[in-house]
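Chemist: Here's a sequence, model it:
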Amino acid sequence: ELTEGMSLCVPDGAEPCEEGIVQPGQSFTDLLISNDVSYMAFRAANPTIRPGSLRAGDSYCLPPEDIREECCLRGESYTLTEGDTLETVAAERRVTPGRLLRFNPCLAPSDFVPGRSVCV
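Modeler: Predicted coordinates:
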């Protein structure tokens, strides 16, 4: 919901979106997790932002609710069971949560729920 005085950014002719500011120490993965957006949706809304080049004070466009779908780029699939989360699956596979999100670019962190098939 828009309110008076809210800052907006419009990336490359797309719909207006809420603007966010990178906080000190925040990583690209932190932005995906704290805003619960998929890698693909965030990159589409912020085509000039690169995962390794964030600096405190940078602004970014928070994409609207994106369409979530299974989108395997490579690797094997794994169906999440009770107790599985983004963090636990990443730890079991010895990868970072950010890498697991990049393997599943159409999924947001909250999509890692029992019954969901993900790429590992």
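Chemist: which residues of this protein score low on pLDDT?
Modeler: Judged by pLDDT under 70, the chain has its weakly predicted residues at 1-16, 65-75.
Chemist: Where do the helices of this protein begin and end?
Modeler: For the chain, helices defined by DSSP state H occupy the ranges 28-35, 39-45, 86-92, 97-103.
Chemist: export these to TSV and tack on mean neighbour count and distance to residue 60?
Modeler: Placement of C-beta: from N, CA and C, glycine included. Output for the helices of the chain, formatted as TSV (neighbours: other C-beta atoms under 10 Å; distance: least, C-beta to C-beta, whole Å):
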stretch	mean neighbour count	distance to residue 60
helix 28-35	18	7
helix 39-45	21	8
helix 86-92	16	20
helix 97-103	20	16
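Chemist: could the ones you listed go into CSV alongside distance to residue 110?
Modeler: Shown next, in CSV, are the helices of the chain (distance: least, C-beta to C-beta, whole Å):
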stretch, distance to residue 110
helix 28-35, 9
helix 39-45, 13
helix 86-92, 9
helix 97-103, 12
